[in-house]
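1. no sequence on hand, only this structure:
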Ligand SMILES: NC(=O)c1ccc[n+]([C@@H]2O[C@H](COP(=O)([O-])OP(=O)(O)OC[C@H]3O[C@@H](n4cnc5c(N)ncnc54)[C@H](O)[C@@H]3O)[C@@H](O)[C@H]2O)c1
């Protein structure tokens, strides 16, 4: 799509960032949120991000906040929904969205974990239904998972993949609409084992994170696990799996240790304690560290 009309529904953490990326790439973006104050601040938040990143601040002029859903959707080529992670809300919203768009308008949801088939099942025209799972912050993390449903047409997948590649993202085609898609399945397989190591008193939480950050975490951004398996040899990988897999956590339920943290009100940074304790200074330092790392990675990509 040369200069497309994009409608972003939801102007929260993800929505305003997604709008920013499309606008910076030259598209016209209408943004809608049902919460007036969020909509009113969307452009300011985008402008602040653009300034902070040293990106073209004129991009914000291509973003138009709309307090009326129908107006936001008028003539849209592509709609991406980023409202609260609530299935009935998303279903009802897409039923409404479909009433205001052309038959060929592609409809995407940025849900983190809800199956796209559940969200989109009520659509009259389901060949244009697709998932696009962005990562936070949308303007710094390159991946967008493009999730195909059993009804999604090949053309919808192809257009969505190209649209995101053209705006500088790294789209990944998820061929089946499985819970967690690709990224969160991989991420939470690792988190399950990380919790289990602490729960079984193999080491403390800080040590789990230190081990990852000082070892394979260093390589992960440039060496995926399957590249790594080929690097060391599939025969060695098989030999390791034969010994290690029987001992790795395989519970299909959340860990009792995690359940207890939550029950005890140890909710992580927001309560000052989770797997470890967090002073406000430590929280601030961690957030800065992550942001600086992501900015540096983006600069390296450029
Ligand atoms: N936060 C993340 O790291 C992340 C990453 C990937 C995907 N997601 C997904 O993106 C979506 C949005 O997440 P977020 O973190 O931006 O949440 P958020 O709470 O920051 O934003 C959600 C926005 O939706 C708005 N909203 C609620 N009901 C609405 C309606 N009926 N119409 C229009 N707007 C409505 C709210 O006012 C709010 O501004 C969720 O589905 C979430 O799972 C989040």
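-> Yep, it's here. Predicted model, so just to flag it, every value in this text is computed and none were measured.
2. Three-state assignment for residue 130, please.
-> The assignment at residue 130 comes out as strand when based on DSSP: H, G, I helix; E, B strand; the rest coil.
3. hang on, it packs against residue 108?
-> Yes: counting by CB atoms under 8 Å, residue 108 is a contact partner of residue 130 at 5.0 Å. (C-beta placed from N, C-alpha, C; glycine too.)
4. find the residues that touch each one of those two.
-> residue 160 (CB atoms under 8 Å, 6 or more residues apart in numbering).
5. flag every residue of the stretch 101-250 of the chain that's near the ligand.
-> 110, 111, 112, 134, 135, 136 (CB under 6 Å from any ligand atom).
6. in strands only, show me those.
-> Counting by DSSP state E, these place residue 134 in strands.
7. what is the nearest of the residues of the stretch 101-250 of the chain next to the ligand to residue 234?
-> residue 135 (29.4 Å; CB to CB).
8. list only buried entries from the residues of the stretch 101-250 of the chain next to the ligand.
-> Buried subset of these (neighbour count, 16 or more other CB atoms under 10 Å): 110, 111, 134, 135.
9. those: which two are farthest apart?
-> Based on CB to CB, the longest span within these runs between 111 and 135 and measures 12.9 Å.
10. list the contacts of the residue found closest to residue 294 once you drop the neighbours it is linked to in the chain.
-> Among residues not flanking residue 294 along the chain, residue 140 sits closest, at 4.1 Å (CB to CB, 6 or more residues apart in numbering). By CB under 8 Å, 6+ apart, the residues touching residue 140 are 53, 291, 294, 295, 297, 298.
11. at 7 Å instead, please
-> Neighbouring residues of residue 140 by CB atoms under 7 Å, 6 or more residues apart in numbering: 294, 295, 298.
12. residue 49 - how many residues pack around it?
-> Residues within reach of residue 49, counting by other CB atoms under 10 Å, total 22.
13. so who does it touch?
-> Shown in contact with residue 49 (CB under 7 Å, 6+ apart): 20, 139.
14. list the buried residues in stretch 161-169.
-> Neighbour-count burial for stretch 161-169, counted by 16+ other CB under 10 Å, picks out 161, 163, 164, 167, 169.
15. pLDDT value on the fourth one, please?
-> For residue 167, the model assigns a pLDDT of 97.
16. quick one: contacts for residue 96?
-> With CB under 7 Å, 6+ apart, residue 96 has these contacts: residue 69.
17. what sits against the closest residue to the ligand within the stretch 151-300 of the chain?
-> Using CB to the nearest ligand atom, the single residue of the stretch 151-300 of the chain nearest to the ligand is residue 184, 8.9 Å away. Shown in contact with residue 184 (CB under 7 Å, 6+ apart): 112, 113.
18. that one sits in which helix or strand?
-> Assigned by DSSP states H and E, residue 184 belongs to helix 183-199.
19. avg pLDDT for that helix?
-> pLDDT averaged over helix 183-199 gives 97.
20. tell me where this structure has strands.
-> 5-9, 28-32, 63-66, 78-81, 106-109, 129-134, 143-147, 170-174.
21. closest to residue 211 out of those strands?
-> Ranking the strands of the chain by their distance to residue 211 (criterion: CB to CB) puts strand 143-147 first, at 24.4 Å.
22. now do that closest one against strand 170-174, angle only.
-> 30 degrees (axes from the mean of the first three to the mean of the last three CA atoms, to 10 degrees).
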